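[1] Structure for this input, please:
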Amino acid sequence: VLIRDGLIVEVGADVTSASATRLDGGGGYLIPGLWDSHVHIFSSASEPDTALPLYLINGVTGIRDMGALWPIPEQQALQQWIEAGEVLGPRLILAGAWVDASPGSWPGMFLADTPDEARGVVDRIAAEGWTAVKAYSMLDEATYLALAEAAHDAGLPVVGHIPERVALGTAIDAGQDGMEHFGRVAMACSTAEEAMLESLRAAMAEGAGQARVFGIMAARNRIILETWDEALCDAMLARLADARLHVSPTLVVADFYTGNWPAPDTPRMRMVPAEVRAAWGGPDFRLEAMTDEVRALAEDSIALDRRTFLMAHRAGVPILASTDASFANPYLFHGFSLLDELDLYVAIGLTPREALHTATVAPARFFGLADQDGTIAPGRRADLVLLDVNPLEGLSMLREPQMVIAGGRVLDRAMLDDLETMLLDRGH
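    Reported below is the predicted structural model:
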């Protein structure tokens, strides 16, 4: 494989170049670099300093950021520094223009409470140079539909949450291009989906407070378990597949809610800054919001999500490997969690090849990148990972790459070890 100026220029058994530096692959296996299609690297001022090397040591050479606390010009500056080779990191897609109803679920969101406000927000998002419009949870249906229409009129894809008062079928009809997280797919397989939506609509129309709203949403878990219908699910998944609505499942998020956390002395924990580890060990509003019933049903709910996920894959629903990794999301690790997510896919029933597709071919093609499509071929960006063992036989060796090439920049095993040492030293 001949690489020049960050691009693959030739592939073959007899490639030669008098001026090139020769690197011996040692009979290994070269694969496209991995993508994590749902991350948040801008939740603190210094998060990229840790996040970017964490991705590279795990063979992740592309990430899509889905919501930030940094202003967009600062995000774009980092993106440009990475592309110019001034900062070492994975390719960065900025898709975090999240739009919610007032007062907003997170700081820094675009807010829209009416269709006219939604159209104005899309104008701002397009002017600021975002690559997508991200719908969020508390939008009402009329505002959401206006947002989707305006985004498509502006040539921007609509990604993000299916708002909590909007049916998945409505989102499909509105042309939503990508959805984040998997729970709403299982909910759409319930014969009570519309009743659950109407309960929340009525409560919010009455001005219900946060506690009541959260209680209504928490009660959905039992209802879904009791009313999930396989035939209905088959029909809904066929609609998703026909619409080519790409799903970013973030199944690994369940580990946080079930307490499946790594021990403090594991390398991944020690590579996270001490102040972040301390915050993760403190109280968390999401765990505190879990009712006793939600805790009791958690394992059954997770099992149903995974069953539905396998059905979705087999129905042809496009999947984008994703994690929600962020310093703001405890125990979801930049880099490491993407490999956990892929392992989950295989445990659920995908083959290693199918799992790799969700982190290589599918993301690059969904993002419409001119120089990436998940293949190793002339004209493609040189984002590559060298492994000792064939990953189609098992994904365990993804955790021990012998070389990572990011935008043509080579990181051999010694350089990857140096990055790991640097992160461990910083984490003390």
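
[2] quick one: the residue lying closest to residue 157 once chain neighbours are set aside from residue 144, how far?
    Residue nearest to residue 157 in three dimensions, not counting chain neighbours: residue 177, with 3.9 Å by Cβ to Cβ, 6 or more residues apart in numbering. C-beta here means a position set from N, CA and C on the backbone, and glycine is covered the same way. Distance, residue 177 to residue 144, using Cβ to Cβ, to the nearest Å: 14 Å.

[3] what about these two, which has more around it?
    residue 144 (29 against 20; other Cβ atoms under 10 Å).

[4] Pretty sure the more buried one sits in a helix.
    Yes. Under DSSP: H, G, I helix; E, B strand; the rest coil, residue 144 sits within a helix.

[5] doesn't residue 174 make contact with it?
    Yes. Residue 144 sits in contact with residue 174 when judged by Cβ atoms under 8 Å, with a separation of 7.3 Å.

[6] quick revisit: what pLDDT does the residue nearest to residue 157 get?
    We have a pLDDT of 98 for residue 177.

[7] contacts for whichever strand or helix holds residue 216?
    Using DSSP states H and E, residue 216 falls within helix 210-218. For helix 210-218, the surrounding residues in contact (Cβ atoms under 8 Å, 6 or more residues apart in numbering) are 164, 199-200, 203-204, 208, 289-291, 293-294.

[8] Which of these fall within helices?
    Those of these mapping onto helices are 199-200, 203-204, 293-294, per DSSP state H.

[9] Turn the residues you listed into TSV, including pLDDT, neighbour count and distance to residue 424.
    What follows is those, written out as TSV (pLDDT from 0 to 100; neighbours: other Cβ atoms under 10 Å; distance: Cβ to Cβ, whole Å):
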residue	pLDDT	neighbour count	distance to residue 424
199	98	17	49
200	98	20	46
203	97	17	49
204	96	17	47
293	95	12	41
294	95	17	36
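
[10] Looking at those residues, which is nearest residue 38?
    Nearest to residue 38 among the ones in helices among the contacts of helix 210-218: residue 294, at 22.6 Å, using Cβ to Cβ.

[11] Tell me which stretches of the stretch 101-250 of the chain form helices.
    Assigned by DSSP state H, counting those that start in this stretch, the stretch 101-250 of the chain shows helices spanning 115-128, 141-153, 168-173, 183-188, 193-205, 210-218, 220-227, 230-243.

[12] Most tightly packed of those?
    For the helices of the stretch 101-250 of the chain, the largest average neighbour count (mean count of other Cβ atoms under 10 Å) is found in helix 183-188, namely a mean of 24.

[13] any idea of the mean pLDDT in that helix?
    Per-residue scores along helix 183-188 average to 98.

[14] what packs against that helix?
    Counting contacts by 3 or more Cβ pairs under 8 Å, 6 or more residues apart in numbering; DSSP states H and E, helix 183-188 packs against helix 168-173, helix 220-227, helix 230-243, helix 292-315.

[15] pull the helix or strand with minimum mean pLDDT from the protein.
    Ranked by mean pLDDT, DSSP states H and E, the weakest helix or strand in the chain is helix 285-288, scoring a mean of 91.

[16] Show me what that one is packed up against.
    With contacts defined as 3+ Cβ pairs under 8 Å, 6+ apart, the packing partners of helix 285-288 are helix 254-258.

[17] before we move on, the earlier item: would a markdown table of the helices and strands packed on helix 183-188 with distance to residue 117 be doable?
    What follows is those, written out as a markdown table (distance: least, Cβ to Cβ, whole Å):
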| stretch | distance to residue 117 |
| --- | --- |
| helix 168-173 | 19 |
| helix 220-227 | 28 |
| helix 230-243 | 27 |
| helix 292-315 | 33 |
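
[18] who wins for proximity to residue 150 among those?
    Among the helices and strands packed on helix 183-188, helix 168-173 comes nearest to residue 150, with 15.2 Å by Cβ to Cβ.

[19] now that closest one, how far from the chain's geometric center?
    Computed by Cα atoms, centre = their mean, to the nearest Å, the chain-centroid distance of helix 168-173 equals 21 Å.

[20] picking that back up, quick one: the contacts of helix 210-218 as CSV, columns for distance to residue 309 too.
    Converted to CSV, the contacts of helix 210-218 look like this (distance: Cβ to Cβ, whole Å):
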residue, distance to residue 309
164, 21
199, 26
200, 24
203, 30
204, 29
208, 32
289, 24
290, 22
291, 24
293, 23
294, 20
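
[21] Name the nearest of the residues you listed relative to residue 378.
    The closest of the contacts of helix 210-218, once distances to residue 378 are taken by Cβ to Cβ, is residue 164, at 46.5 Å.

[22] where's the residue lying closest to residue 103 once chain neighbours are set aside relative to residue 122, distance?
    The spatial neighbour of residue 103 that comes closest, neighbours along the chain excluded (Cβ to Cβ, 6+ apart), is residue 111 at 7.5 Å. Using Cβ to Cβ, we find residue 111 at a distance of 13 Å from residue 122.

[23] same deal with residue 361?
    Residue 361 is 30 Å from residue 122, where distance means Cβ to Cβ.

[24] go on, residue 197?
    Residue 197 is 24 Å from residue 122, where distance means Cβ to Cβ.

[25] Break down the stretch 251-400 of the chain into its helices, ranges please.
    254-258, 267-270, 274-280, 285-288, 292-315, 336-348, 352-359, 361-366.

[26] Leaving out chain neighbours, which residue sits closest to residue 341?
    Closest residue to residue 341 apart from its sequence neighbours, by Cβ to Cβ, 6+ apart: residue 252 at 4.6 Å.

[27] Since that was my last question, I'll sign off now.
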